[in-house]
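In: Turn this into a model:
(chains A, B and C)
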Amino acid sequence: MLIGGILVITRRNPVHSALALIITLLAQAAIYLMLYAPFVAGVQIILYAGGIMVLFLFVIMLVNVDRAMKERQFNAQWMVGIVAATALGGLFMTVYTKGSSLFPERAMPLTLEGDNTQKIATMLYGQYMFSFEIASLLLLVAIIGAVVMAKKRI
Amino acid sequence: MHEFLQYIESYLTSDKTPGAAGNWVWELIYILLVFVGLSVSVICMNWLERKILAHMQVRLGPMRVGPHGLLQPIADALKLLLKEDIIPAEADALIFWIAPFAVVLAAFTVFVVVPFGPTHAITDMNIGILFMLGVSSLSVLGIVMAGWASNSHYPLIGALRSSAQMVSYEIAMGLAVVSAVLMTSLNESGTGTLSMIGIVQAQLAQGEWFIFKFFPLGLIAFFIFAIAMVAETNRAPFDLAEAESELTAGFHTEYSGFRWSLFFLAEYSAMIAVSSIAVTLWLGGWLRPFPNWLSGTTWDRMFSLFPGVTFLFLAAMCFYNTVRMPKHPLFRIQTIGLAGFGVVLGLIGLILFIPAVSFRVQDVFWFSAKVAAFMYLYIWYRGTFPRYRFDQLMQIGWKVLLPIGLGVLILTASVALLQPMIWHP
Amino acid sequence: MESMLHITTLHYLVLGAALFLLGVIGVLTRRNVVIVLMSIELILNAVNLNLVAFSHYWQAAPAKLGGGPGSMHGQIFSIFVITDAAAEAAVGLGILIAFFRNKETINIDEVNLLKW
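Out: Predicted coordinates:
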């Protein structure tokens, strides 16, 4: 997954970056399976790898990437970006090493696999019902926004 | 030796799939069997398609290569393997190389969860149907990559159209699938399941195939899925993106030889995969007809004769056609070949009469018979319907199938909730 | 096999942090807008990984504190994050297309209209 991530940010050709992102997303789904979350893994494959990446590939094909591929790839402020990222990484490392005692070594709890989808459904339509409806509103707004942005004449 | 036989016996009579039992050797054997079975099925489909299309168009189809063209697919495969491998000049070599593999991978990985029997799946994930839908949506990526990497207009337009069509009809498929999965939760235990084997067992427990449940809701959901699956696999009448007369073969124009045969393999495997979904969800998977209504050991025994009888019938047709072959010395080899093929089929039929074999194979036979009926439907559609224009295609996907799918879902959910109140007031 | 490394939650968190850092570097250093958007997707994925890892961690916690084997809060929230990422990717790419129609370039270094 890390190799996929590195390939995403370093490739010159955006189609290669998209491929690397697909590999990263599929690896992410596998890690979800390791974390005993099969439903989230399935949703990741269907939505992310099968939906969002198709959207990205469509737009890459619509936009003329040939000219962009021949120019400089990295920003003028790339050094600042790397310094900022290193600082952020240092912050993460400090937090994780100071708090590593919170995560004791133990065997992963063996959850009953047959129940996962059902439990998610119970909670999603029970406790998180409001968020669910808001998410559907959000998607509606996003659809309208995308259609309006991409139209030639409003 | 005795332990080896006992080992085989223990895994022939287990009641769990190899994945659930954790037995990776048996799982590997199943994977190999599925792989070989798929390849054989694709080869048979090639021959069947050409012959059935031909007979529908009142002509004969391939007759020269083997007896009645039976060796035609092998000749086609040889030709494709020996063709020159052309890569277009300005094409992106990496993506051009990966695209067929991506489509084939997506099409073949789906078969990990397809249930050929109560223990005859490679593994039984508890998100089986979700996995199948997800992985079949990965084949869209392969098609987009193929169109892009060919670096010419027709493949690009064909790939964009094809992937837009597949993504649109995935939504209708998903809605139909959800309304079928909803019906699995009407068991006595009150819990539904997404696992493929669980869905068929729910149909067994509820005593009716989901296509007939809540008539006509199950039927409408089945029809939505049947139409969406034809559009999903880019087959007629939704094959604008790859038809020869429209776009010079669409996204696989620039592929020749072995790479084209990979696309072809992936297309037919995807057809078999979505037919397996339809069979599992609506037509009762591996269950023989009327498992609850006509139950009992005599009916079981009568239905268990079906595999053997089918193969004997095929052998009888082979012998009949052998007798009708022209009695010319040039046809001698073909006549002997056809007779030999008939003998092989007859032997398989006789083997399938043995109760021990028939007991294990019966589930696979019924499943394959139903999937074969769907394949015949596919070929029938190709021979009958004219092609849809692309905007008509998208209109059907979004404006017709999606609202009907939503309506079926809401109605199914309402009827499922009200059902106890209607029948036990 | 006794010295096999136990994979604790910390390992998943570090992996998430590494992905997050890669995404941040991508957003800050690349000139191509599409790759910047893809790096944003990487960041969202890292966040999702954290959420699901913590949801798994909480399943062994006592139920009184909100844990227990039925606590799926992290996973449900990660489903919302995936939905959100889809919506944002759609709108972002729409903006990209609208912008590309005006200026015929996808380098964000040239999106500096304030400097006319």
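In: C-alpha only now, for contacts and for neighbours.
Out: Noted.
In: Enumerate the residues of chain A near chain B.
Out: A:16, A:38-39, A:42-43, A:45-46, A:49-51, A:53-54, A:57-58, A:61, A:113-114, A:117-118 (C-alpha under 8 Å from any C-alpha of the partner chain).
In: Can you tell me which of those end up in helices?
Out: Secondary structure assignment (DSSP state H) places A:16, A:38, A:39, A:42, A:43, A:53, A:54, A:57, A:58, A:61, A:117, A:118 from those within helices.
In: With neighbour count and distance to chain C added, can I get these in TSV?
Out: As requested, these are arranged in TSV below (neighbours: other C-alpha atoms under 10 Å in any protein chain shown; distance: C-alpha to the nearest C-alpha, whole Å):
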residue	neighbour count	distance to chain C
A:16	17	10
A:38	26	10
A:39	24	9
A:42	24	11
A:43	20	8
A:53	24	9
A:54	26	11
A:57	21	10
A:58	18	10
A:61	16	11
A:117	19	10
A:118	15	10
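In: Would you mind putting these into CSV with distance to residue C:89 alongside?
Out: Written out in CSV, the entries for those read as follows (distance: C-alpha to C-alpha, whole Å):
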residue, distance to residue C:89
A:16, 18
A:38, 24
A:39, 22
A:42, 20
A:43, 16
A:53, 9
A:54, 11
A:57, 12
A:58, 12
A:61, 16
A:117, 26
A:118, 29
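In: wait, which of the residues you listed is closest to residue B:148?
Out: residue A:61 (7.4 Å; C-alpha to C-alpha).
In: what's the following helix or strand after the worst-scoring helix or strand of chain A on mean pLDDT?
Out: Within chain A, confidence by mean pLDDT, DSSP states H and E is lowest for helix A:66-70 among all helices and strands, at a mean of 64. Note on helix A:66-70: by DSSP states H and E, the next helix or strand toward the C-terminus is helix A:78-98.
In: which other residues reach that following helix?
Out: With C-alpha atoms under 8 Å, 6 or more residues apart in numbering or on different chains as the contact definition, helix A:78-98 has outside contacts at C:10, C:14, C:17, C:18, C:21, C:24, C:25, C:28, C:29, C:30.
In: In CSV, list those along with pLDDT.
Out: Putting these into CSV (pLDDT from 0 to 100) gives the following:
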residue, pLDDT
C:10, 80
C:14, 87
C:17, 90
C:18, 90
C:21, 90
C:24, 90
C:25, 88
C:28, 86
C:29, 84
C:30, 82
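In: Filter the residues you listed down to just the ones in helices.
Out: Cross-referencing those with the helices (criterion: DSSP H) gives C:10, C:14, C:17, C:18, C:21, C:24, C:25, C:28, C:29 as the overlap.
In: I'd like the residues you listed written out as a markdown table, with neighbour count and distance to chain A added.
Out: Rendered in a markdown table, the data for those read as follows (neighbours: other C-alpha under 10 Å; distance: C-alpha to the nearest C-alpha, whole Å):
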| residue | neighbour count | distance to chain A |
| --- | --- | --- |
| C:10 | 22 | 6 |
| C:14 | 16 | 8 |
| C:17 | 22 | 7 |
| C:18 | 18 | 8 |
| C:21 | 24 | 6 |
| C:24 | 22 | 7 |
| C:25 | 24 | 6 |
| C:28 | 21 | 5 |
| C:29 | 21 | 5 |
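In: What is the helix or strand where residue B:40 lies packed up against?
Out: Taking DSSP H and E as the criterion, residue B:40 maps to helix B:24-56. Under the contact definition 3 or more C-alpha pairs under 8 Å, 6 or more residues apart in numbering or on different chains; DSSP states H and E, helix B:24-56 sits against helix B:18-21, helix B:72-82, helix B:258-282, helix B:355-384.
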